[in-house]
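J.: Pasted the sequence and its predicted model underneath.
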Amino acid sequence: YISNTMPLPKSGSIPSPCWAVRYMLQKAFGNDKLSKLEFLTQFYHNDGLFCLDNKIYIFDQKLAQAAINKLEKGAEHYLNDSPLKDTFLGSSQKSPETRRAVASLFRKTSIEERASWIFEDTKRICSKIRLKSLKSAKDNMKLFLMAGTETTASSIPVIFSLLNDFPDIQQELRDEVENRWTEILTEPTTSLPKIESMMKEVLRLYPIAPFISRQNNVPVNLGNIYLDQHSDVIIFTWGIHRSPYHWKDSKVFKPFRFLGMESLQSNMYIPFGAGSRVCIGQHLAWIELRLVIANLLHEFRFSKNPATSDLKFVVDWVHAVVHPDKDMIFSLENVEHD
Ligand code: HEM
C-alpha cells in the first residue's frame, strides 16, 4: 500500500525510506537489521538501490557490476604505513583500472609465474618489515586470519544446521562421500558434485559475508546515478542472493539447485565478492569446506537437539559475517563402518 501511494523517486536519484516506511519496518522487524534490509531490496526492486543511515545499498545487477569495477575497497589510507605498500600484493591502493589490469594479467599467468612474482614481492615486503615497525604487518596478518577463519568456520555450523533440517539430504550426501571415500583419502580434491552444489546453495541462501563494501575518493557516476565523493556503498549480497527476481523459489533451500548448472549470470551469485578484490582465499575455502563436510558426514549422523530448536542466523555487523544467534548443539551418532 505504502509503495503504491508513495511519489515515484526522480530518475537517477537514490530513494530512501520515508518515516512511514521506517515506522513500519521497526514494527515488523524490531532490531533485526538484516530482515529490514532484505525487505527494502524488494520494496525498491525497480530502483535497484536505496539509501539508509547514510549508506547506499546496491542490489541491481548492472549497478553492482559498475560499483565493483569503479569504486575503491573502502580503505584508502589503509596501506599508507603498511609494508604491502607499492608491492604487488598491496595493489589495492592503486586506481581500480590499474588493479583490474593487474588482476587480469595475474589470471593469465601460470602457477609457476605467479609463485615467482609472489616470492619476489614477499622478499620486498620482508625487507620493508625489517626497516619499519611490525605494527602494520600485524594488522595485515589480522585481516588475513580474520577473513580466512571467521568465514570458513562460520559456514560449517550453518551447513550442518540445514542438514539437520533435511535428514534425507544429509544421507544422500553421506552416500556420495561413502561411494568415493577411498578416492578422497588418496586425492583430497576428488569431485563431490552433490556436496559442492549443496555448499553453493548454502552460500547463496546464507552468504557468510552478507555484503561487500566500496567507497569512492572522487565523484562517480554509476549508470545514471551520481555518487558524491566518499559515499559509503554496500553491495548487498544477501539481497541479491535472495531476490525472487533473480532466483526461482529464492527463499527455499534447494541443495541440488546448482547440480549440472554450468554457468551463472554474472553478479547474481557473489559469495566471495567480485572484481579485482575478489576473495583471495576462495579456492582454499572451497577445499577446506568440502573436506570438513565429507569427513564429518563419514564419521557422524547429525540430528537436531531440542536445546537449539529455534535457531536464527544473524549478522555480526563489525566483522561482516553471518552466524547463528546462539551456540549450536547437535546430536551425534557414530556412523559404523565395516
Ligand atoms: C566460506 C569462506 C569465505 C567466504 C564466504 C569469503 C568471502 C569473502 C568476501 C565476500 C570478500 C570481499 C571481496 C570483495 O570485496 O569483493 C573476501 C575478501 C578476502 N578474503 Fe575471503 N572468504 C572466505 C574464505 C577466505 C579464506 C579461507 C581466506 C584466506 C585464507 C580469505 C581471505 C580473504 C582476504 C585476504 C580478503 C581481502 C581481499 C582484498 O581485499 O583484496 N577468505 N572474502
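T.: Arrived safely, thanks for sending. Numbering: from 1, shown residues only.
J.: near the ligand, which residues of the stretch 151-300 of the chain?
T.: Neighbours of the ligand within the stretch 151-300 of the chain, by Cβ under 6 Å from any ligand atom: 151-152, 155, 208-209, 212, 271-275, 277-281, 284-285. Where C-beta positions appear, they are placed from N, C-alpha and C, glycine not excepted.
J.: can we see that at 5 Å?
T.: With Cβ under 5 Å from any ligand atom as the criterion, the stretch 151-300 of the chain meets the ligand at residues 151-152, 155, 208-209, 212, 271-273, 277, 279-281, 284-285.
J.: List only buried entries from the residues you listed.
T.: Listed as buried from those are Thr151, Thr152, Ser155, Ile208, Ala209, Ile212, Pro271, Phe272, Gly273, Arg277, Cys279, Ala285; burial here means 16 or more other Cβ atoms under 10 Å.
J.: Nearest to the ligand among these?
T.: Nearest to the ligand, judged by Cβ to the nearest ligand atom, of those is Gly273 at 2.3 Å.
J.: can you pull the contacts of the residue nearest to the closest one when sequence neighbours are not counted?
T.: Using Cβ to Cβ, 6 or more residues apart in numbering and skipping residues adjacent in sequence, the residue nearest Gly273 is Ile212, 4.7 Å away. Ile212 is in contact with Ile68, Ile234, Ile235, Thr237, Ile270, Gly273, Ala274, Arg277, counting by Cβ atoms under 8 Å, 6 or more residues apart in numbering.
J.: how about 7 Å then?
T.: Ile235, Thr237, Gly273 (Cβ atoms under 7 Å, 6 or more residues apart in numbering).
J.: now Leu203
T.: So Leu203 contacts Ser155, Pro271 (Cβ under 7 Å, 6+ apart).
J.: same thing with Tyr44?
T.: Pro15, Phe50.
J.: Just the residues of the stretch 151-300 of the chain next to the ligand: which are in strands?
T.: Counting by DSSP state E, the part of those found in strands is Ile212.
J.: sorry, back to before: what bridges to the residue nearest to Gly273?
T.: Ile235 (DSSP bridges).
J.: Now do it, the pLDDT please.
T.: Residue-level confidence at Ile212 comes out at 90, pLDDT.
J.: One more: Lys73?
T.: Reported pLDDT for Lys73: 70.
J.: Next: the one 10 residues further on.
T.: The model reports Pro83 with a pLDDT of 58.
J.: now Lys70: how far from Gln229?
T.: Separation of Lys70 from Gln229 (Cβ to Cβ, to the nearest Å) stands at 13 Å.
J.: Among those two, which residue is more densely surrounded?
T.: More crowded of Lys70 and Gln229, by other Cβ atoms under 10 Å: Lys70, with 17 against 10.
J.: Now that one: closest residue in space that isn't a chain neighbour?
T.: Closest to Lys70 by Cβ to Cβ, 6+ apart is Val220, at 5.5 Å.
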